[in-house]
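1. quick one, fold the following:
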Amino acid sequence: MTEIVVPRQIQEAVKRRGSTLGFVLTRAECEWIGNRYEFIAERINPKDKVLDIGCGLGIGLKKLGLAETVVAIDISPERTSEASLRNKGFPNIHVSQMDATELNFPDNFFDKLSRWRL
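-> Next up is the predicted model:
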């Protein structure tokens, strides 16, 4: 599995402004999240199975839609509920409430791994 790492410049810029991710997002926050997913999407192949750990509200998951399968997980039931609604209608995107330390997938199931500040 290949881990896709978001460039340090994006990570540092987000650190400088602090983490304010929640249910109400500013336009700037949405742009930061979108940039993360655009960076990841550029590295996905159509046959890839992608695991996105810490998907939050699911903003930007549609950008990963080129992949055969996208499994997005978050520990928060409220966030995964919102992410599921936000990505309804995309049959290859599956959102689940799950603890990343207790993944329930076969070994080598995923081709790419995306995680954000975990």
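2. now the helices for this structure?
-> Using DSSP state H, the helices found in the chain span residues 8-17, 27-41, 77-86.
3. mean pLDDT lowest for which of those helices?
-> Mean pLDDT values for the helices of the chain show the minimum at helix 8-17, a mean of 53.
4. next one: phi and psi at the nearest residue to Ile44 once chain neighbours are set aside?
-> Nearest non-adjacent residue to Ile44, counting by C-beta to C-beta, 6 or more residues apart in numbering: Ala67, 4.9 Å away. Bear in mind the C-beta positions are built from the backbone N, C-alpha and C, glycine included. Torsion angles at Ala67 (phi, psi; degrees, to the nearest 10) stand at phi -70, psi 150.
5. ok, Ala67 touching Leu113?
-> No: using C-beta atoms under 8 Å, Ala67 is not in contact with Leu113, being 11.9 Å away.
6. have a look at those two and say which one is more surrounded.
-> The residue with more neighbours, out of Ala67 and Leu113, is Ala67; 22 against 15, by other C-beta atoms under 10 Å.
7. what sits against that one?
-> Ala67 makes contacts with Ile44, Asn45, Pro46, Asp48, Lys49, Val50, Asn92, Lys112, as judged by C-beta atoms under 8 Å, 6 or more residues apart in numbering.
8. turn the residues you listed into a markdown table, columns for pLDDT.
-> Converted to a markdown table, these look like this (pLDDT from 0 to 100):
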| residue | pLDDT |
| --- | --- |
| Ile44 | 89 |
| Asn45 | 91 |
| Pro46 | 94 |
| Asp48 | 94 |
| Lys49 | 94 |
| Val50 | 93 |
| Asn92 | 96 |
| Lys112 | 90 |
